[in-house]
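Provided below for reference: sequence and predicted model.
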Amino acid sequence: MTSRLVVSTFLSLDGVMQGPGGVGEDDSNGFPHGGWLPPYVDEGFGRIMTEVFERADGMLLGRRSYEILASHWPNVPDEEGGEKINSMAKYVATRTPMTAGWNNTRVLVGEAAQTIAELKQVTDGEILVQGSSNLLRTLQEAELVDEYKLLIFPVVLGEGKRLFAGGTTPAGLKLTGSTITDAGVAYLRYDWVGKPTYGAVV
């Protein structure tokens, strides 16, 4: 019994993942570009996100991302995607105890590298990581990410939190699929394959 940890995230072309959904979603460090995603939402984007969530058996979040989603999704009607997300298992990684009121939420208190490694060993299927930039760095360092599902938007922001920031643990990836929406969003899927390999071009 071992689950796969899948990172699904929205990125600008220069790798920024901060505040995609709207102004004020995450304006930490003075980030002024909140809401860069909505202009590119179309039917193709909707199909991709439906597929991503339909495949997921659970969702893993850092504390801040949990608070953002927990304030929104319980109010979303079932027919608009609320049934799947509200009913699935949700896990919150945090160093300090917290009360989680969102349905089917389990709080993982402690060092994330340890608690999530243990979670993978006692669960099956696919656990989806949404947002949670700070948590992602820990998962990358511990080599716990099995797959990346990246939606890359045709916009350059120049600042903000990045999925692969300076100092990210090196990793080798294998492209397993790609799709382009009519709005120009590139959906790329990569499996983690271990350490990078190196060579030389003569």
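Thanks, I have it.

what about the protein, any weak spots by pLDDT?
Applying pLDDT under 70 to the chain flags the ranges 1.

And the strands in it?
4-12, 58-62, 89-94, 105-109, 126-130, 147-153, 172-180, 186-194 (DSSP state E).

Let me have those strands in a markdown table, extended by distance to Gly44 and mean neighbour count.
Just so you know, the C-beta spots here come from the backbone N, C-alpha and C atoms, and that holds for glycine as well. Output for the strands of the chain, formatted as a markdown table (distance: least, C-beta to C-beta, whole Å; neighbours: other C-beta atoms under 10 Å):
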| stretch | distance to Gly44 | mean neighbour count |
| --- | --- | --- |
| strand 4-12 | 14 | 22 |
| strand 58-62 | 23 | 24 |
| strand 89-94 | 27 | 22 |
| strand 105-109 | 31 | 15 |
| strand 126-130 | 19 | 23 |
| strand 147-153 | 10 | 20 |
| strand 172-180 | 7 | 12 |
| strand 186-194 | 8 | 16 |
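
Mind checking those strands for the one nearest to Lys120?
Across these, Lys120 has its closest neighbour in strand 4-12 (6.2 Å, C-beta to C-beta).

helices or strands next to the closest one in the packing?
Packing contacts for strand 4-12, counted by 3 or more C-beta pairs under 8 Å, 6 or more residues apart in numbering; DSSP states H and E, involve strand 126-130, helix 133-141, strand 147-153.

With just CA atoms, put the first one into PDB.
These are the backbone C-alpha positions of strand 126-130, laid out as PDB (Å, rounded to 0.1, in the frame of the first residue of the first chain):
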ATOM      1  CA  GLU A 126      -3.400   9.500  -5.800                       C
ATOM      2  CA  ILE A 127      -3.000  12.300  -3.400                       C
ATOM      3  CA  LEU A 128      -3.100  15.700  -5.000                       C
ATOM      4  CA  VAL A 129      -1.100  18.700  -3.800                       C
ATOM      5  CA  GLN A 130      -2.700  22.100  -4.700                       C
END
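
neighbouring strands for that strand, and are they parallel or not?
strand 4-12 (parallel), strand 58-62 (parallel) (DSSP bridges).

isn't Leu151 right next to Leu13, touching?
No. Checked against C-beta atoms under 8 Å, the pair Leu151 and Leu13 is beyond contact range at 11.5 Å.

Would you tell me which helix is longest in the chain?
Longest helix in the chain by number of residues (criterion: DSSP state H): helix 43-55.

Which residues does it contact?
When contacts are defined by C-beta atoms under 8 Å, 6 or more residues apart in numbering, helix 43-55 is touched by residues 8, 81, 84-85, 126, 128, 149, 151, 179, 181-183, 185, 187.

what is the residue nearest in space to the middle of the chain paired to in the beta sheet?
Among the residues of the chain, Gln130 comes closest to the average C-alpha position under C-alpha atoms, centre = their mean, at 2.8 Å. Listed by DSSP bridges, the beta-bridge partners for Gln130 are Ser8.

what's the answer for Ile180, then?
Going by DSSP bridges, Ile180 forms beta bridges with Ala186.
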